[in-house]
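A.B. asks: Structure, please.
(chains A and B, ligands or ions: 1)
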Amino acid sequence: MTVQELPGAAAAYRPTPPPAWQPRTDPAPLLPDPEPYRVLGTEAAAGADPELLLRLYAELVRGRRYNAQATALTKQGRLAVYPSTTGQEACEVAAALALQEQDWLFPSYRDTLAAVARGLDPVQALTLLRGDWHTGYDPHEHRIAPLCTPLATQLPHAVGLAHAARLKGDDVVALAMVGDGGTSEGDFHEALNFAAVWKAPVVFLVQNNGFAISVPLAKQTAAPSLAHKAVGYGMPGRLVDGNDVAAVHEVLSDAMSRARRGGGPTLIEAITYRIEAHTNADDATRYRGDNEVETWRQHDPIQLLERELTERGLLDDDAKQAAADAAEVMAAALRERMNADPALDPMDLFAHVYAEQTTQLREQAALLRAELDAEGEAR
Amino acid sequence: MTTAAVKPATMAQALQRAMRDAMAEDPTVHVMGEDVGTLGGVFRVTDGLAKEFGDDRCTDTPLAEAGILGTAVGMAMYGLRPVVEMQFDAFAYPAFEQLISHVARMRNRTRGGTPLPITVRVPYGGGIGGVEHHSDSSEAYYMATPGLHVVMPATVDDAYGLLRAAIASDDPVVFLEPKRLYWSKAQWSPEAPTAVEPIGKAVVRRSGRSATLITYGPSVPVCMEAAEAAAAEGWDLEVVDLRSLVPFDDETVCASVRRTGRAVVVHESNGFGGPGGEIAARVTERCFHHLEAPVLRVAGFDIPYPPPMLERHHLPGVDRVLDAVARLQWEAES
Ligand SMILES: Cc1ncc(C[n+]2csc(CCOP(=O)(O)OP(=O)(O)O)c2C)c(N)n1
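C.D. replies: Sure, this is the predicted structure:
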């Protein structure tokens, strides 16, 4: 039986909204402005604090040098793998500097630089990638969650931590970082939904660097932008030029204050580009051309800021040299420390599986101890 | 039959060839996953398939394992044969809901009406210096779920033959590719690949009389090496490569153990709750009166997979296998 055949259907039918329907809010404020927000080279730059800009500059220069040094270390076999953030330094640095001391950072595996810019010892930040242990630092000491390898799984953690902090009445905001590819995972969806429903003090920063390994954004999503995804969850979405460090810093800081005030989560999409291959194990020539990379080199985060600072007379050659020198000192120290073999104790394999050792693990530890002793004697 | 050139080939090439041949023969075979198209997969196992068969037959999917396997379920319901790639062992975990709640049960749930011919390819296991989440051995989770086949090649020949069989199977197959053997080479004739073996047949890789090493996947070469080394000490070891944990070839395994009277199960996933416990129990149940010693297990430690710089201490190597073989003499001593 079709609808038309239902007795009296035609006469009775009137399109009315379902009885319980009430639009919650005007969705307009949630929609991202389609123009990525920019500061450098615009009028908005006049309002930026010169001291902050100079700090961001120093961190950018250090960050670029850090990326180059870590990449060089992979070539020497000192690092098992390094996912470079060359070209994305503005996002990394701004993320670190937008946080207050008590806030938490939930990085992805690519975000070593954000951790270093937050003050983490560079060698500790590289432990996972060198391969001596899975995490080289105490997350609670630095309020940096372990660098997260499975994609998007750290996002619900950030929501949970932020929620817990709010329940305790603490002034803590969590900043969770994820790549464009990671936004396709179910965990991304669940994290955003929880955050919005709970009004958790958390900010999501998507670094859209164009690719998930080889897959371009167009094959990843059909949404107008990744920031648009926010609307469906009931949180604001913001688009920002990810190579404009002042803009990223401002948008992040605004979102963090909003979260701090109880305003709930924000989704920020920073549009940037991965200049290097996905990692040293990847061959980027298989999926992208040199022209594209060249276009993005022309929109380099350091150059953008340098131009602004120079025009405003805030940066002269001496100041530039000073920043470069400081970066060089960091790189030299990093190189030297990374060239020393890490001291590893294989017995650590059993030390942290459970709070209390099981009988089985004690037996296995004894087996390894005997093997190591025999190896030592053989030598 | 043409006289095909026999050349060295890698396991990765044989796997790629298996998919290519399956796709050429059967238009319902579709390959999908993260980076399988343009890039040819992070291990290049799907290299060239998108070029040859188009994006619709070899598809770069969005980055979502549950989505990849979940859509494969629907595609299989509609008559396609999806071959999905999970990029690394630990990244299959987001897809477990689909695998366990649906892929494994659909045939049973529908009284045979809706079989799901899905092949889930998983590069798995350690020994390649990967950082956390790139080296897990997850076979015990899969084999604990009725409704799935669990298959793992150890040779270039089997990589081809077993993957062809997996794709042809009307049941879902979790196809575990030992990633540290991807670049292992063998003389292989890509023009006339070896026979496609039915899934579930173990093979005796080396015959011997004094004990049986029961193993599979990445541990097969370890056991072959151990058997050579043991020969110097008077042990004549038989090596059985299971090739499949589900179905399990009781016949070949038990025939071997009855001949030798002693057995060691060797695998790199953790021992407690691992496949070795099931295998040892089966062998004991069926061969009790033939056994001269308890069935022993040599496995990875019961720890989360260690960081690369420590993995050599975790992975069972030749020495641990030989130690176990030495312990098989226990009865003579007592
Ligand atoms: C759950 C999961 N699936 C697959 C992978 C393998 N993998 C590592 S990085 C990556 C691409 C990530 O792309 P994107 O999220 O855009 O971040 P980017 O690397 O560009 O920073 C993939 C597929 C993974 N780490 N986790």
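
A.B. asks: those helices in the stretch 151-300 of chain B, which residues are they?
C.D. replies: Using DSSP state H, counting those that start in this stretch, the helices of the stretch 151-300 of chain B run over B:156-168, B:219-231, B:250-260, B:275-287.

A.B. asks: Output the ones you listed in JSON lines; the columns should cover mean pLDDT, mean neighbour count and distance to A:Trp133.
C.D. replies: Glycine gets a C-beta too; all of them are placed from N, C-alpha and C. Converted to JSON lines, the helices of the stretch 151-300 of chain B look like this (pLDDT from 0 to 100; neighbours: other Cβ atoms under 10 Å in any protein chain shown; distance: least, Cβ to Cβ, whole Å):
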{"stretch": "helix B:156-168", "mean pLDDT": "96", "mean neighbour count": "25", "distance to A:Trp133": "34"}
{"stretch": "helix B:219-231", "mean pLDDT": "98", "mean neighbour count": "22", "distance to A:Trp133": "26"}
{"stretch": "helix B:250-260", "mean pLDDT": "98", "mean neighbour count": "19", "distance to A:Trp133": "39"}
{"stretch": "helix B:275-287", "mean pLDDT": "98", "mean neighbour count": "18", "distance to A:Trp133": "28"}
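
A.B. asks: Of those, which is nearest chain A?
C.D. replies: Closest approach to chain A among the helices of the stretch 151-300 of chain B is made by helix B:275-287 (12.3 Å; Cβ to the nearest Cβ).

A.B. asks: residues near the closest residue to A:Arg274 other than its chain neighbours, how many?
C.D. replies: Leaving aside its chain neighbours, A:Arg274 sits nearest to A:Asn209 (4.0 Å; criterion: Cβ to Cβ, 6 or more residues apart in numbering or on different chains). A:Asn209 has 24 neighbours, counted by other Cβ atoms under 10 Å in any protein chain shown.

A.B. asks: which ones are touching A:Asn209?
C.D. replies: A:Gly87, A:Gln88, A:Gly179, A:Asp180, A:Gly242, A:Thr272, A:Tyr273, A:Arg274 (Cβ atoms under 8 Å, 6 or more residues apart in numbering or on different chains).

A.B. asks: isn't the second one right up against A:Gly242?
C.D. replies: Yes. Taking contacts as Cβ atoms under 8 Å, A:Gln88 lies within contact range of A:Gly242: 6.8 Å.

A.B. asks: who touches both of those two?
C.D. replies: A:Gln207, A:Asn209, A:Thr272.

A.B. asks: Give me the subset of these that also touch the ligand.
C.D. replies: Restricting these to those near the ligand by Cβ under 6 Å from any ligand atom leaves A:Asn209.

A.B. asks: would TSV of the shared contacts of A:Gln88 and A:Gly242 with secondary structure and pLDDT be doable?
C.D. replies: Formatted as TSV, those follow (DSSP: H, G, I helix; E, B strand; the rest coil; pLDDT from 0 to 100):
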residue	secondary structure	pLDDT
A:Gln207	strand	98
A:Asn209	coil	98
A:Thr272	coil	98
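
A.B. asks: Let me know the closest of the shared contacts of A:Gln88 and A:Gly242 to B:Leu176.
C.D. replies: A:Asn209 (31.9 Å; Cβ to Cβ).

A.B. asks: What helices and strands are in contact with the longest helix along chain A?
C.D. replies: Secondary structure of chain A per DSSP state H: the longest helix is helix A:50-75. Helices and strands touching helix A:50-75, by 3 or more Cβ pairs under 8 Å, 6 or more residues apart in numbering or on different chains; DSSP states H and E, are helix A:89-98, helix A:112-117, helix A:245-260, helix A:301-311, helix A:317-339.

A.B. asks: Check which residues of it are buried.
C.D. replies: Buried residues in helix A:50-75, counting neighbours by 16 or more other Cβ atoms under 10 Å in any protein chain shown, are found at A:53-54, A:56-67, A:69-74.

A.B. asks: how about it, does it reach the ligand?
C.D. replies: No. Judged by Cβ under 6 Å from any ligand atom, helix A:50-75 and the ligand are separated, with a smallest distance of 13.1 Å.

A.B. asks: How far off centre is that helix?
C.D. replies: 16 Å (Cα atoms, centre = their mean, to the nearest Å).

A.B. asks: how many degrees apart are it and helix A:245-260 in direction?
C.D. replies: Counting by axes from the mean of the first three to the mean of the last three Cα atoms, to 10 degrees, helix A:50-75 lies at 100 degrees to helix A:245-260.

A.B. asks: So which bits of chain B are right by the ligand?
C.D. replies: So far as Cβ under 6 Å from any ligand atom goes, chain B lies against the ligand at B:Glu34, B:Leu63, B:Glu65, B:Gln87, B:Phe91, B:Pro94.

A.B. asks: would TSV of these with pLDDT be doable?
C.D. replies: Converted to TSV, the residues of chain B next to the ligand look like this (pLDDT from 0 to 100):
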residue	pLDDT
B:Glu34	98
B:Leu63	98
B:Glu65	98
B:Gln87	98
B:Phe91	98
B:Pro94	98
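
A.B. asks: and which of those residues is nearest chain A?
C.D. replies: The nearest member of these to chain A, counting by Cβ to the nearest Cβ, is B:Leu63 at 4.0 Å.

A.B. asks: Let me know whether that closest one touches A:Leu151 as I believe.
C.D. replies: Yes. With contact defined as Cβ under 8 Å, B:Leu63 reaches A:Leu151; the gap is 6.3 Å.

A.B. asks: which neighbours do the two share?
C.D. replies: Here B:Leu63 and A:Leu151 share the contacting residues A:Gly181, A:Gly182, A:Glu185, scored by Cβ under 8 Å, 6+ apart.

A.B. asks: pretty sure the second one contacts A:Phe188?
C.D. replies: Think A:Gly182. Yes. Contact criterion Cβ under 8 Å: A:Gly182 and A:Phe188 qualify, at 6.1 Å.

A.B. asks: ok, which stretches of the stretch 1-150 of chain B are strands?
C.D. replies: B:7-10, B:29-33, B:58-60, B:81-85, B:119-124, B:149-151 (DSSP state E, counting those that start in this stretch).

A.B. asks: Chain neighbours aside, what residue packs nearest to residue 62?
C.D. replies: Unless you meant another one, I'm taking chain A. Per Cβ to Cβ, 6+ apart, closest to A:Arg62 is A:Ala327, 4.5 Å.

A.B. asks: I was after chain B.
C.D. replies: A:Ser184 (3.9 Å).

A.B. asks: re earlier: between helix A:301-311 and the longest helix of chain A, find me the angle.
C.D. replies: 150 degrees.

A.B. asks: any idea of the angle helix A:50-75 forms with helix A:317-339?
C.D. replies: Going by the same axes, to 10 degrees, helix A:50-75 makes 40 degrees with helix A:317-339.

A.B. asks: what's the average pLDDT for helix A:50-75?
C.D. replies: Mean pLDDT, helix A:50-75: 97.

A.B. asks: what bits of the stretch 1-150 of chain A have low per-residue confidence?
C.D. replies: A:1-12, A:23-28 (pLDDT under 70).

A.B. asks: at 90 instead, please
C.D. replies: Within the stretch 1-150 of chain A, the stretches with pLDDT under 90 are A:1-31.

A.B. asks: what does it put close to the ligand?
C.D. replies: Residues of the stretch 1-150 of chain A lying near the ligand by Cβ under 6 Å from any ligand atom: A:Arg110, A:Thr149, A:Pro150.

A.B. asks: residues touching A:Cys148, list them.
C.D. replies: Here A:Cys148 is in contact with A:Phe106, A:Pro107, A:Ser108, A:Tyr109, A:Gln154 (Cβ under 8 Å, 6+ apart).

A.B. asks: for A:Ala277, same thing?
C.D. replies: A:Ser84, A:Asp283, A:Ala284.

A.B. asks: give me phi/psi at it?
C.D. replies: Main-chain dihedrals, A:Ala277, degrees, to the nearest 10: phi -70, psi 170.
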